[in-house]
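In: Predicted model, plus sequence, below.
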Amino acid sequence: MLTLIATAVILIVANILLKSDLFVNSSYENTIDGEEISERFLNILAEFDIADKLIKEKKVKDKYSDQEISSFKVQVPKDLSIPEILQDVFQSFKKDSLIIQSFEKVKGSKTTLALKKGNSAVLQVEFNYAKDYSRNNGYLAFIINDVDPANESTIALIESPAKINLLIRPETKHLQQLEYIRSNGQQFSVLIDDDISEQKYKLGETYSEQRVVTVIKTLVTDFEKAVCFIIDEKSNVYNSPNYEILKRELSKRKIKLFSKSEFENLNNEEMMLDSFNYQMNSLASSGSIIFLVSEDAYMTLSSEIIKYKKRGYRVITSSLIL
């Protein structure tokens, strides 16, 4: 008898809990209305900087619920892929207990998207590629300052899909990493400053012209695949007559020489994000900019870089700008 009573109590409690859980889920779903969903979808398109003229919205009635919903037609810029947008849609709505359906029509390159609650649609979209519209907001490149290619953090950057230019202070130990850098599709440049330790690479302000020429020949031979040479304006050699010899000898060999100040240097950690966003927002359409940053600064900027890439800014190798 006691067993039967206990079993009955358990079933009653379980039934109450199940009903409560169903009620909570149903209540949660009802809080997601069509206007909110449409607004969130438009925000996703805005993050990709898709122009308003490429977005058409009309109201239609869903055949199952008889409710009015938004139906969009979106012309996707040629430089952006539809799957990139779909991925963000999925990430945005996957926690909302919605069914996300997508179908691609190979003929005509159209893709349809439907967000549903059960059988009822709450949003529908037709994507198609624009024939004559492409975002071209600008180009950016990154030179990673004063790195050690043997460090684990630098190796991770070398092996990443990001396009970077590693600014290397010349040392013999780095020579074995140069081919590895290039085989991973990355670039490197040579840093000239007062902290070069090896005599065969060191350029002193009091060195004779012959010695300077000899050092330059060694640098050019050992680092022959360098994109360019970059000199620190605070170095002694920069403020000496030997700087003119350096420029002359590199020019004879058709090697580009830049100073650090010719790049957008993001050294101030407190103002770095503000400075980066200011420079990006000031960039003219189709313009280009090269940032000189540390490894830590580059990693800090990674989420911001992703945002700008979504908006149509292109991260390219610095040699295409230099």
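Out: The structure has been received and is ready for your questions.

In: Where does pLDDT dip in the stretch 201-322 of the chain?
Out: 268 (pLDDT under 70).

In: That one: strands as residue ranges?
Out: Taking DSSP state E, counting those that start in this stretch as the test, the strands found in the stretch 201-322 of the chain are 229-231, 257-259, 264-265, 288-293, 313-315.

In: Could you check those and tell me which one is nearest G118?
Out: For the strands of the stretch 201-322 of the chain, the distance to G118 is smallest for strand 313-315, at 40.2 Å, taking CB to CB. C-beta here means a position set from N, CA and C on the backbone, and glycine is covered the same way.

In: How far off centre is that closest one?
Out: How far strand 313-315 lies from its chain's middle: 8 Å, per CA atoms, centre = their mean, to the nearest Å.

In: Neighbours of V227, how many?
Out: The number of residues packed around V227, counting by other CB atoms under 10 Å, is 20.

In: Repeat that for L178.
Out: Number of residues near L178 (other CB under 10 Å) recorded here: 18.

In: Also Q75?
Out: Look at Q75: counted by other CB under 10 Å, it has 19 neighbours.

In: swap in C228?
Out: C228 has 19 neighbours, counted by other CB under 10 Å.

In: need the helices for the stretch 101-250 of the chain, in chain order.
Out: Taking DSSP state H, counting those that start in this stretch, the helices of the stretch 101-250 of the chain run over residues 152-159, 175-183, 209-222, 242-252.

In: Out of these, the one nearest N265 is which?
Out: That would be helix 152-159 among the helices of the stretch 101-250 of the chain, by CB to CB, at 18.5 Å.

In: Summarise which helices and strands the closest one is packed against.
Out: strand 138-147, strand 164-168, helix 295-300 (3 or more CB pairs under 8 Å, 6 or more residues apart in numbering; DSSP states H and E).

In: my guess is K95 is in a helix, correct?
Out: No: looking at K95 with DSSP: H, G, I helix; E, B strand; the rest coil, it is coil, so not inside a helix.

In: Now do it against R40, distance only.
Out: When distance is defined by CB to CB, to the nearest Å, K95 is 12 Å away from R40.

In: So those two - more neighbours on which side?
Out: R40 (16 against 7).

In: residues of the stretch of helix or strand the more buried one belongs to that come out buried?
Out: Counting by DSSP states H and E, the element that carries R40 is helix 34-47. Buried residues in helix 34-47, counting neighbours by 16 or more other CB atoms under 10 Å, are found at G34, I37, S38, R40, F41, L42, I44, L45.
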